[in-house]
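In: Fold the following for me, if possible:
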Amino acid sequence: MISTTTISRRQALQRSLLLPLVAGVSSAAASAEPAAAGRSATVLVAYFTRTGNTRLIATQIARTLEATLFQIVPAAAYPEDYEAQVAQAEDERQRGYEPPLQATVPDLSSYETVFLGFPIWGMTAPSVIRSFLSQHDLSGKTLVPFITHGGYGLGNSLAVVAEHAPGARPIDGFSKECDQERETLREVTQWLGSVEIRR
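Out: So this is what the prediction gives:
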């Protein structure tokens with residue numbers, strides 16, 4: 001069973017300020033970098049993030065296990081606007097599109113265990129995760145998912161992972177409910193309706 005807990009975005013961001021940044025990892029480029037000098041050469045933590053929630057978990061896993069951290073980054077960035085990103089993600093899902101990646105994991109064969117992290121988009125794994133799994137053969141490797149979601153659960157994301165990594169050995173993972181952006185936007189819009197401003 002995937003364990004579940006709840007964290008607010010504010011808590012996540014506050015905690016992220018307490019965590020040292022991992023060298024070489026940024027939202028602008030994907031790279032595989034050690035989380036510590038004495039890292040485990042057999043553990044990889046690969047993750048995709050949009051708001052930073054999944055990055056927070058990935059960084060903690062990599063630090064604790066002294067593992068290699070790799071950020072999954074699409075070649076073309078998703079829109080900053082939330083609604084536009086949702087529309088694009090739905091279009092990709094409907095078409096079965098797998099977007100190109102900025103980079104792939106170098107020397108994947110050296111890793112025995114892969115932690116794979118991502119947020120739930122539209123009750124499934126983002127298309128970029130399908131791309132990652134299609135471009136990386138995880139056959140024979142232990143695969144550990146860690147997933148963030150907005151309160152609606154994991155959808156069919158685990159089935160997607162299993163389908164795209166048929167030779168991997170999946171084990172129980174971790175999931176965390178984080179603030180839902182759509183609800184935040186709704187509340188902000190409602191609040192703005194009560195604000196009197198001069199134009």
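
In: all strands for this structure, in order.
Out: With strands called from DSSP state E, the chain shows them at 3-6, 32-34, 43-47, 68-71, 113-119, 142-149, 169-170, 174-177.

In: Format those as JSON lines; extra columns: distance to residue 107, mean pLDDT and mean neighbour count.
Out: (Each C-beta comes from the backbone N, C-alpha and C, glycine too.) Putting the strands of the chain into JSON lines (distance: least, C-beta to C-beta, whole Å; pLDDT from 0 to 100; neighbours: other C-beta atoms under 10 Å) gives the following:
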{"stretch": "strand 3-6", "distance to residue 107": "31", "mean pLDDT": "46", "mean neighbour count": "10"}
{"stretch": "strand 32-34", "distance to residue 107": "8", "mean pLDDT": "57", "mean neighbour count": "17"}
{"stretch": "strand 43-47", "distance to residue 107": "10", "mean pLDDT": "97", "mean neighbour count": "25"}
{"stretch": "strand 68-71", "distance to residue 107": "10", "mean pLDDT": "97", "mean neighbour count": "26"}
{"stretch": "strand 113-119", "distance to residue 107": "13", "mean pLDDT": "97", "mean neighbour count": "24"}
{"stretch": "strand 142-149", "distance to residue 107": "17", "mean pLDDT": "95", "mean neighbour count": "21"}
{"stretch": "strand 169-170", "distance to residue 107": "20", "mean pLDDT": "96", "mean neighbour count": "15"}
{"stretch": "strand 174-177", "distance to residue 107": "26", "mean pLDDT": "91", "mean neighbour count": "19"}
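
In: shaky segments in this protein?
Out: Within the chain, the stretches with pLDDT under 70 are 1-41, 197-199.

In: So which residue is dead centre in it?
Out: residue 118 (2.4 Å; C-alpha atoms, centre = their mean).

In: Stretch 65-72: how far from the chain's middle?
Out: 12 Å (C-alpha atoms, centre = their mean, to the nearest Å).

In: My error: substitute stretch 138-145 in the last question.
Out: 16 Å.

In: Touching that stretch from outside, list them.
Out: With contact meaning C-beta atoms under 8 Å, 6 or more residues apart in numbering, stretch 138-145 is reached by 2, 111-118, 157-158, 161, 165-174.

In: again, but for stretch 44-52
Out: Here stretch 44-52 has contacts from 9, 12-13, 16, 27, 32, 35, 54-55, 57-58, 61-62, 65, 67-73, 78, 85, 105, 108, 111, 113-119, 126, 128-129, 132, 146, 178, 181, using C-beta under 8 Å, 6+ apart.

In: at 7 Å instead, please
Out: 12-13, 16, 54-55, 58, 61-62, 67-72, 78, 105, 111, 114-119, 126, 128-129, 132 (C-beta atoms under 7 Å, 6 or more residues apart in numbering).

In: Surely residue 127 touches residue 96?
Out: No. Between residue 127 and residue 96 there is no contact under C-beta atoms under 7 Å: 8.3 Å.

In: Share the number of residues neighbouring the residue nearest to residue 75 when sequence neighbours are not counted, please.
Out: Leaving out its chain neighbours, the residue that sits closest to residue 75 by C-beta to C-beta, 6 or more residues apart in numbering is residue 100, at 4.1 Å. Applying other C-beta atoms under 10 Å, we find 10 residues neighbouring residue 100.
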